[in-house]
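**Q** give me coordinates for this.
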Amino acid sequence: MQRQDTQDAPLFGEEDENNQTKRSKMSGRFVVCMVTIILLLSCDFWTVKNVSGRLLVGLRWWNQVDENGKSHWVFESKKTGSKNITSSAESRVFWLGLLVCPIFWILFVFSTVFSFNIKWLVVVILGLVLQWANLYGYVRCKVGGKSNLRNMAKNYLGVQILKRAMTQPESL
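**A** Predicted coordinates for the structure are as follows:
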C-alpha cells in the first residue's frame with residue numbers, strides 16, 4: 001500500500017537542503033548587491049570630491065600626510081579674481097545635491113533600524129559617512145579651511161541679530 005501524499009511532502013532532511021539552497025542564493029544576492037552599492041557609493045564620492053566640486057563650484061579638498069606621518073587637511077577655493085566659468089544654476093544644483101543626499105541617508109538609517117534590516121546597516125552607514133564627508137569638506141572650502149565653523153555660525157547669528165535690532169523701529 002503506497003501513500004499518495006509522500007510525493008508532495010519532503011522526506012526527512014530534504015527540507016533542510018532546500019532551505020540551505022535558498023539561503024545561500026539569498027545571501028549570494030545580498031553580497032552582490034552590497035558590493036555593487038559600495039562600489040557605486042565610492043565612485044560617487046570620488047566624482048563629487050574630485051570632479052564635480054572643482055568644475056561646478058571651484059572648490060576642492062584633500063588629505064595630505066607629511067614626512068612625519070601627520071595628517072593635514074587641505075581646503076581650497078578658486079581665487080576670486082580668476083575667470084568664473086560656472087553658472088549660478090550649476091552651483092545651486094551642486095549645493096542642493098550636497099545637502100539633500102545626507103538627509104536621505106539619515107532617513108535610510110532610521111528605516112533600516114526600525115525595519116530590523118540590520119544587515120543593510122553597514123551599507124547605509126557607509127553611504128551616510130561618505131556623503132557627510134563631502135558635505136563637510138565643501139563647507140570647509142566655502143567658508144575657509146582655517147576658520148572654525150562654530151565661530152562662523154556665531155558671527156553670522158550675531159550679525160543677523162544686530163541687523164534686526166537696527167532695522168526695527170523703536171517703540172516708545
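**Q** low-scoring stretches of this protein, by residue?
**A** Applying pLDDT under 70 to the chain flags the ranges 1-26, 80-86, 145-160, 162, 165-166, 168-172.
**Q** can you pull out the strands in it?
**A** Ranges of strands in the chain, per DSSP state E, are 59-65, 71-77.
**Q** which residues are contacting the first one?
**A** So the one you mean is strand 59-65. 49-50, 53-54, 71-78, 137-138, 140-142, 145 (CB atoms under 8 Å, 6 or more residues apart in numbering). (Each C-beta comes from the backbone N, C-alpha and C, glycine too.)
**Q** just the buried subset of those, written out for ChimeraX, thanks.
**A** Only the buried entries of the contacts of strand 59-65 go into this ChimeraX selection, using 16 or more other CB atoms under 10 Å:
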select :49,53,54,75,77,78,137,138,140,141
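**Q** ok so, going back, which one, of the strands of the chain, ends up nearest to residue 164?
**A** With distances scored as CB to CB, the stretch of those nearest to residue 164 is strand 71-77 (29.6 Å).
**Q** and the closest one, what does it pack onto?
**A** Contact analysis of strand 71-77 by 3 or more CB pairs under 8 Å, 6 or more residues apart in numbering; DSSP states H and E lists strand 59-65, helix 121-143 as its packing neighbours.
**Q** for the strands of the chain, give me JSON lines that also has distance to residue 125.
**A** Shown next, in JSON lines, are the strands of the chain (distance: least, CB to CB, whole Å):
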{"stretch": "strand 59-65", "distance to residue 125": "21"}
{"stretch": "strand 71-77", "distance to residue 125": "22"}
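**Q** those: which one's closest to residue 92?
**A** Residue 92 lies closest to strand 59-65 among the strands of the chain, at 14.3 Å (CB to CB).
**Q** list the buried residues in stretch 123-142.
**A** Of the residues in stretch 123-142, 123-124, 126-128, 130-131, 134-135, 137-141 count as buried by neighbour count, 16+ other CB under 10 Å.
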